[in-house]
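Engineer: how would this look folded up:
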Amino acid sequence: MDIILTRRSIRKYTGEQIPEPLIKDLLAAAMSAPSAQNQQPWQFVVVNQPELLKELSKCSPYAQMVDKAPLVIVVCGDTHLEQAKGFWVQDCSAATQNILLAANQRGLGAVWVGLYPREERVDIVRNILGMPDHIIPLALIPIGHPAEAKEPANRYNPAKVHYNKW
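Structural biologist: Residues are numbered from 1 along each chain as shown. Below you'll find the model as predicted:
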């Protein structure tokens with residue numbers, strides 16, 4: 001529970017590089033997410049080139065921290081791998097959350113920058129990274145060693161819980 005409850009959106013990073021074995025661990029966490037019919041309709045683009053990070057930071061008004069991160073993982077849905085139509089969004093969202101939790105567990109900071117369903121953001125990222133049409137970027141996840149600390153947030157709200165019926 002501590003990893004879940006202490007996860008926060010971290011947007012400031014020291015710039016220290018993330019070693020390849022740690023990147024692989026984050027991706028293994030992503031690929032361990034549940035998916036409809038075990039279809040695993042995800043693809044991932046690991047971006048660590050500064051010029052690409054700078055371009056990606058302009059894809060959304062909420063992506064300004066991207067060029068300050070040493071690493072971004074782009075979580076994408078692959079419609080060619082989709083068996084349960086439309087469930088790629090849920091599947092890739094579960095993979096995204098797993099990356100965020102694994103990053104927190106490893107002492108890294110990360111934040112979910114949504115792209116899909118905003119077509120203009122999807123198109124910008126597709127163009128920057130040269131993605132084919134059947135690949136849909138869902139989110140950018142900037143990751144780095146945190147240069148900020150945030151206290152855990154208690155977001156439990158009993159007013160949003162309903163038992164048996166509304």
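Engineer: Could you pull up the contacting residues of Gln97?
Structural biologist: Ala33 (Cβ atoms under 8 Å, 6 or more residues apart in numbering). All C-beta atoms are positioned from the backbone trio N, CA, C, and that covers glycine.
Engineer: element containing it?
Structural biologist: Per DSSP states H and E: Gln97 is located in helix 88-105.
Engineer: quick check, distance from that helix to the centre of its chain.
Structural biologist: Its chain's C-alpha centre and that of helix 88-105 lie 6 Å apart, by Cα atoms, centre = their mean, to the nearest Å.
Engineer: which strands and helices sit next to the helix or strand just after it?
Structural biologist: The element immediately downstream of helix 88-105 (helix or strand, assigned by DSSP H and E) is strand 109-110. Other helices and strands packing on strand 109-110, by 3 or more Cβ pairs under 8 Å, 6 or more residues apart in numbering; DSSP states H and E, are helix 88-105, strand 135-144.
Engineer: same thing but 6 Å
Structural biologist: strand 135-144 (3 or more Cβ pairs under 6 Å, 6 or more residues apart in numbering; DSSP states H and E).
Engineer: Partner strands of the strand it packs on, with direction?
Structural biologist: Sheet pairing for strand 135-144, assigned by DSSP bridges, gives strand 71-78 (antiparallel), strand 109-110 (antiparallel), strand 113-114 (antiparallel).
Engineer: got the angle between the helix holding Gln97 and strand 135-144?
Structural biologist: 10 degrees (axes from the mean of the first three to the mean of the last three Cα atoms, to 10 degrees).
Engineer: where along this protein do the helices fall?
Structural biologist: Applying DSSP state H to the chain gives helices spanning 2-6, 20-30, 50-56, 88-105, 119-129.
Engineer: Of the ones you listed, flag the one that's most buried.
Structural biologist: Highest mean neighbour count of the helices of the chain: helix 88-105, a mean of 21 (counted as mean count of other Cβ atoms under 10 Å).
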